[in-house]
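Undergrad: okay, structure incoming, though there's no sequence with it:
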């Protein structure tokens, strides 16, 4: 990933795709959205009935190898990125554009202020996987 940070720092034209890739790769929500089926249907061999609760796991959908080439790899230059971080259709997040704009401004400031930002060799962030909002508990960095 260090090469990706430098590439984004040096080519800000990659920013829109990088923002979407970060949104795909690092889920911002650990919580689940509970949907209710409005009609009977079958999905991957499972019968869902009208009224059943359906618990889509967006983080898992965003790592689906059938949709994303090399899905387990962060690729800030990924071009085909139909991630579901903000939902779809009637359930699309109304704040998606604002979230992308905020993330872009934050990344631009980070790249400008800390152009050599990096994870020290052998050190990795630890994550809070218990709260509804996914965030790092520790984030060792050098600059």
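TA: Arrived safely, thanks for sending. Small disclaimer: the values here were computed from a predicted structure and weren't measured.

Undergrad: can you give me the helices in the chain?
TA: Assigned by DSSP state H, the chain shows helices spanning 2-10, 15-25, 58-61, 96-113.

Undergrad: helices or strands up against the first one?
TA: Packed against helix 2-10, as judged by 3 or more Cβ pairs under 8 Å, 6 or more residues apart in numbering; DSSP states H and E, are the following elements: helix 15-25, helix 96-113. C-beta coordinates here come from the backbone N, C-alpha and C atoms, glycine included.

Undergrad: buried residues, the shortest one. List them.
TA: Neighbour-count burial for helix 15-25, counted by 16 or more other Cβ atoms under 10 Å, picks out 15, 17-25.

Undergrad: just put the helices and strands packed on helix 2-10 in TSV and tack on mean pLDDT and distance to residue 66.
TA: Putting these into TSV (pLDDT from 0 to 100; distance: least, Cβ to Cβ, whole Å) gives the following:
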stretch	mean pLDDT	distance to residue 66
helix 15-25	96	14
helix 96-113	97	24
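
Undergrad: so which of the ones you listed is nearest residue 74?
TA: Closest to residue 74 of the helices and strands packed on helix 2-10, according to Cβ to Cβ: helix 15-25, at 4.8 Å.
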